[in-house]
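Asker: the sequence and its predicted three-dimensional model are supplied below.
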Protein chains: 2
Amino acid sequence: MSQPSVLAVVGVGLIGGSFAAALRRAGRVGRVLGVGRNAQSLQRAVDLGLIDEAVSAEEAARRADMIMLATPVGSLGAVLARMRPHLRAGTVLTDAGSTKAEVVEAARAALGDRLSCFVPGHPIAGAERTGPEAADALLYQGRTVVLTPLPENPPEALDAVRAAWQACGAAVIDMDADTHDRVLASVSHMPHLLSAVYMAQVAAAPDAAQRLALAGSGFRDFTRIAAGSAEMWRDIFLSNRPALLAELAEVRTMLDQAEAALRQGDGATLHDMLEHAASARRNWRKEPQ
Amino acid sequence: MSQPSVLAVVGVGLIGGSFAAALRRAGRVGRVLGVGRNAQSLQRAVDLGLIDEAVSAEEAARRADMIMLATPVGSLGAVLARMRPHLRAGTVLTDAGSTKAEVVEAARAALGDRLSCFVPGHPIAGAERTGPEAADALLYQGRTVVLTPLPENPPEALDAVRAAWQACGAAVIDMDADTHDRVLASVSHMPHLLSAVYMAQVAAAPDAAQRLALAGSGFRDFTRIAAGSAEMWRDIFLSNRPALLAELAEVRTMLDQAEAALRQGDGATLHDMLEHAASARRNWRKEPQ
């Protein structure tokens, strides 16, 4: 498949807007269409040069060569159902959702026999900022994008999505949707759950003000992610419920062992756990993200 | 009490060395004596200008006007017992331990009727670096130091320790030892326990390498503290066992509620918890530490 000449982005915020900006910067798109429910936000996206015009989902389906669905998982099915009757042969769709099993299920229900054009994806590029103003043509430089291809995807569709992400500067890896959801439950959703539970517990304490006055740099880093959007994380948790619950059972097993060691004054077991954690963390080396 | 002319520091590493450097910078000390078990480390402290000479615990007790015990809680009692017969009237002792109830108990056992000279303290200034090379005269600038005075402390002893910390640039607050230990269990020890338990669980997973390859910025911040010294944190956990266990029960209650909501698909309860956490975290404003 040649490079897309018309790109449509559904949800022109940080993720979708950055995708459009990066592809435009790479000279990979002719015209960019924006789809969204907020007219003001779409106008800002036009003003910022992220999109050339705002169109309906139906029109995007008729005109686009590639469609990026950067929209919450909960609204994905409805958008796809509106697009389906208008999709041209050869149009490629992809998404940027944080969980993949539920996305695939929604896409299968909405697209039916047109499912093959949809290549599920997830750029690992969290950021606290939102809205078109947050879009950044360099957001995906050096980041990892996971694609979870469907058996129905023709190689051309997969290649087109992979090439688009590579043009954004990202490294692309393939994985099945269940593996993706299990891994992300562990390294993304679980830290958020634990950080939020902890922060909520501290804030609910009668002496919360005294506690927060004495909190230092460890607290600061440990709780940074707890400041994220409650709506977004509620949806991610619910969307990835089975994997997150399974992972939580594993974390609880480790927590039970640590608590038992602490209760028994078993310094050797505590030390082993702490050393195992410290060593693993010190060996984890990545560029700042 | 006038400013100390002879300062002794037991354990000339990050905490003790920075205390000496800050007081020297403030013109608050004439001579600085260093006590420690590692002759090489003491020589480096001399070379770095942190201390003027290395002496025994007994000699430090005989000569010092103020003694900072920047030594692990586990060895505090033994050092104090060696010092006790040699302490002059009016010499003031303080420490920098992360927990206070156990320190007070050890000091009481070691010092007996000389306990009144010991003012327990805790500078809230975590740092990953160790050793005399890590000492920094500005480490305590803008930090908070908690003193947990004993009923036996004369005002002059308390004033001397407070003035010394203020000369280091720190803000000093007083608190009873049990309150200190409960608050620190919550905002310092619990984040470390949860971060380490989580990191150990990820590292123990059969697919740990795949997980760590997809871990991003949330994971990075959430686990930063898990890289800390296993020895130090084991000792802190054991030293603050009752408070940490009590706090863990509270965290588990919140975790149970979140897990039940997740299991039941109760988005409203999940959202409330996440919003409560996010709002509390966003309202927590401090200078970076």
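Answerer: Thanks, I have it. Residues are numbered from 1 along each chain as shown, chains lettered A, B, ... in the order given.

Asker: the residue nearest to A:Val55 when sequence neighbours are not counted pairs with what?
Answerer: Of all residues not flanking A:Val55 in the chain, A:Leu33 sits nearest, at 4.8 Å (C-beta to C-beta, 6 or more residues apart in numbering or on different chains). Every C-beta, even on glycine, is put in place using the N, C-alpha and C of the backbone. Taking DSSP bridges as the rule, A:Leu33 bridges to A:Ala8, A:Glu53.

Asker: for chain A, which segments count as strands?
Answerer: Applying DSSP state E to chain A gives strands spanning A:6-10, A:31-35, A:53-54, A:66-69, A:92-95, A:118-119, A:121-124, A:144-147, A:171-174.

Asker: for the closest residue to A:Leu248 other than its chain neighbours, grab the count of nearby residues.
Answerer: Excluding the flanking residues, the one nearest A:Leu248 by C-beta to C-beta, 6+ apart is B:Glu259, at 6.1 Å. Neighbours of B:Glu259 under the rule other C-beta atoms under 10 Å in any protein chain shown: 18.

Asker: same deal with A:Arg143?
Answerer: Neighbours around A:Arg143, by other C-beta under 10 Å: 19.

Asker: cool, the one 10 residues further on as well?
Answerer: Counted with other C-beta under 10 Å, residues neighbouring A:Asn153 total 20.

Asker: ok, now which ones touch whichever residue of the stretch 1-150 of chain A sits closest to chain B?
Answerer: For the stretch 1-150 of chain A and chain B, the shortest gap (C-beta to the nearest C-beta) falls at A:Ile124, measuring 5.1 Å. Contacts for A:Ile124 were tallied using C-beta atoms under 8 Å, 6 or more residues apart in numbering or on different chains; they are A:143-146, A:188, A:289, B:214, B:216.

Asker: got a pLDDT number for A:Arg211?
Answerer: If you check A:Arg211, the pLDDT there is 96.

Asker: what residues sit buried inside stretch A:57-72?
Answerer: Neighbour counts over stretch A:57-72 (16 or more other C-beta atoms under 10 Å in any protein chain shown) mark A:57, A:59-71 as buried.

Asker: before we move on, what about stretch A:7-20?
Answerer: A:7-20.

Asker: check stretch A:250-257 too.
Answerer: A:251-252, A:254-255, A:257.

Asker: which members of the residues you listed additionally contact chain B?
Answerer: Restricting these to those near chain B by C-beta under 8 Å from any C-beta of the partner chain leaves A:251, A:254-255.

Asker: any idea which of the residues you listed is closest to chain B?
Answerer: A:Met254 (4.2 Å).

Asker: could you report the distance from A:Leu80 to A:Glu102?
Answerer: As judged by C-beta to C-beta, to the nearest Å, A:Leu80 and A:Glu102 stand 13 Å apart.

Asker: mind showing which ranges of chain A have poor pLDDT?
Answerer: Scanning chain A for pLDDT under 70 picks out A:1-4, A:126-128, A:286-289.

Asker: and the most centrally placed residue in it, what is it in contact with?
Answerer: Centroid-nearest residue in chain A, with C-alpha atoms, centre = their mean: A:Ser98, separated by 3.3 Å. Contact analysis of A:Ser98 by C-beta under 8 Å, 6+ apart lists A:73, A:122, A:184, A:188-189, A:236, A:239-240.

Asker: make it 10 Å
Answerer: A:15, A:72-73, A:122-124, A:126, A:180-181, A:184, A:188-189, A:232-233, A:235-236, A:239-240 (C-beta atoms under 10 Å, 6 or more residues apart in numbering or on different chains).

Asker: before we move on, what about A:Ala177?
Answerer: A:99-105, A:120, A:122, A:146, A:148-150.

Asker: try 6 Å this time
Answerer: For A:Ala177, the contacting residues are A:100-101, A:104, A:148, by C-beta atoms under 6 Å, 6 or more residues apart in numbering or on different chains.

Asker: tally of neighbours for A:Ala22?
Answerer: With other C-beta under 10 Å as criterion, A:Ala22 counts 24.

Asker: wait, I meant A:Ala277
Answerer: 30.

Asker: before we move on, what about A:Pro154?
Answerer: A:Pro154, neighbours per other C-beta under 10 Å, totals 14.

Asker: A:Gly112 too?
Answerer: Around A:Gly112 there are 11 residues (other C-beta under 10 Å).

Asker: go on, the one 3 residues further on?
Answerer: Taking other C-beta under 10 Å as the criterion, the count of residues near A:Leu115 is 19.

Asker: show me what contacts it?
Answerer: Each residue near A:Leu115 by C-beta under 6 Å, 6+ apart is listed here: A:108, A:152.

Asker: do A:Val32 as well
Answerer: Here A:Val32 is in contact with A:7, A:20, A:51-52 (C-beta under 6 Å, 6+ apart).

Asker: A:Leu158 contacts A:Pro149, correct?
Answerer: Yes - between A:Leu158 and A:Pro149 there is a contact under C-beta atoms under 6 Å: 5.2 Å.

Asker: before we move on, the earlier item: any chance of the ones next to chain B among the buried residues of stretch A:250-257 in CSV with distance to A:Leu193 as columns?
Answerer: Shown next, in CSV, are these (distance: C-beta to C-beta, whole Å):
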residue, distance to A:Leu193
A:Val251, 9
A:Met254, 15
A:Leu255, 13
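
Asker: among the residues you listed, which one lies nearest to B:Val92?
Answerer: A:Leu255 (41.8 Å; C-beta to C-beta).

Asker: dump the residue contacts of the closest one.
Answerer: B:Val197.

Asker: longest helix in chain A, please.
Answerer: helix A:241-263 (DSSP state H).

Asker: all helices for chain A, in order.
Answerer: A:14-25, A:39-47, A:57-63, A:73-83, A:101-111, A:155-167, A:177-184, A:190-204, A:208-213, A:217-223, A:230-239, A:241-263, A:267-283.

Asker: ok, for A:Arg129, nearest residue in space, not its chain neighbours?
Answerer: A:Leu14 (5.8 Å).

Asker: what of A:Ile51?
Answerer: Using C-beta to C-beta, 6+ apart, the closest residue to A:Ile51 is A:Gly34 (3.4 Å).

Asker: and for A:Ala213?
Answerer: B:Thr144 (7.6 Å).

Asker: isn't the one you found up against B:Cys168?
Answerer: No - with contact defined as C-beta under 6 Å, B:Thr144 does not count as touching B:Cys168 (11.7 Å).

Asker: who has more neighbours, those two?
Answerer: B:Cys168 (26 against 20).

Asker: circling back to that earlier point, quick check: the residue nearest to A:Arg129 vs B:Leu7, distance?
Answerer: 53 Å.

Asker: so what's A:Ala22 up against?
Answerer: A:137, A:140, A:168.

Asker: between the helices of chain A, which gets nearest to B:Leu274?
Answerer: Between those, helix A:230-239 lies closest to B:Leu274; by C-beta to C-beta that is 3.7 Å.

Asker: is chain B contacted by the closest one?
Answerer: Yes - residues of helix A:230-239 contacting chain B under C-beta under 6 Å from any C-beta of the partner chain: A:230, A:233-234, A:237-238.
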